[in-house]
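Trainee: After the sequence you'll find the predicted model.
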Amino acid sequence: MFGSRPCEAALFRAGRCVGLALRRAVATAQRKSELRRAEDPVDAVVCAYVALYAQRCPAQVTIYGDPDTGYIVTPSLPPGPVRPSRPQI
């Protein structure tokens, strides 16, 4: 997901242990119900990661919306055209 900029690399290392456990749970799931059990923890890790990223790298996030009606914070896209890449497994 992240890791190409110095600030991202430090955050990636911090979340690696939790991420590996969740990844293993998803990769070894045999049933749809096992994937559903992993969904909330995956969402929580992503939200926590983006919150920490926004705190440590505020210039590298984009905020959509406003405080009065609600907003979402995401890592900013890199400059230039975005080309889809194959997921690394």
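Mentor: Received the coordinates, thanks. Numbers count the residues shown, from 1 in each chain.
Trainee: going forward, measure contacts and count neighbours with C-alpha atoms only.
Mentor: Noted.
Trainee: State the three-state secondary structure for the residue of the chain positioned farthest from its centre.
Mentor: Farthest-out residue of the chain from its mean C-alpha position, per CA atoms, centre = their mean: Asp68, at 24.8 Å. Secondary structure, DSSP: H, G, I helix; E, B strand; the rest coil: Asp68 is coil.
Trainee: Would you mind measuring from it to Val50?
Mentor: Separation of Asp68 from Val50 (CA to CA, to the nearest Å) stands at 21 Å.
Trainee: do Asp40 as well
Mentor: 15 Å.
Trainee: okay, the two: which has more neighbours?
Mentor: Val50 (18 against 11; other CA atoms under 10 Å).
Trainee: counting contacts, what elements does the helix or strand where the more buried one lies pack onto?
Mentor: Here Val50 sits within helix 32-56, counting by DSSP states H and E. Contact analysis of helix 32-56 by 3 or more CA pairs under 8 Å, 6 or more residues apart in numbering; DSSP states H and E lists helix 6-27, strand 70-75 as its packing neighbours.
Trainee: Flag whichever of the ones you listed has the least confidence on average.
Mentor: Out of those, helix 6-27 stands lowest, with a mean of 67 (criterion: mean pLDDT).
Trainee: sorry, back to before: buried set for the helix holding Val50?
Mentor: The neighbour-count check on helix 32-56 (16 or more other CA atoms under 10 Å) flags 42, 49-51, 53-54 as buried.
Trainee: Could you figure out how far it is turned away from strand 70-75?
Mentor: 80 degrees (axes from the mean of the first three to the mean of the last three CA atoms, to 10 degrees).
Trainee: Give me the mean pLDDT for helix 32-56.
Mentor: On average, the pLDDT along helix 32-56 is 87.
Trainee: Could you measure from the most centrally placed residue in the chain over to Arg56?
Mentor: The centre of the chain sits closest to Val46, judged by CA atoms, centre = their mean, with a distance of 4.0 Å. Per CA to CA, Val46 is found 15 Å from Arg56.
Trainee: and what of Pro41?
Mentor: 22 Å.
Trainee: do the same with Gly70
Mentor: 22 Å.
Trainee: model confidence over stretch 82-89, on average?
Mentor: 70.
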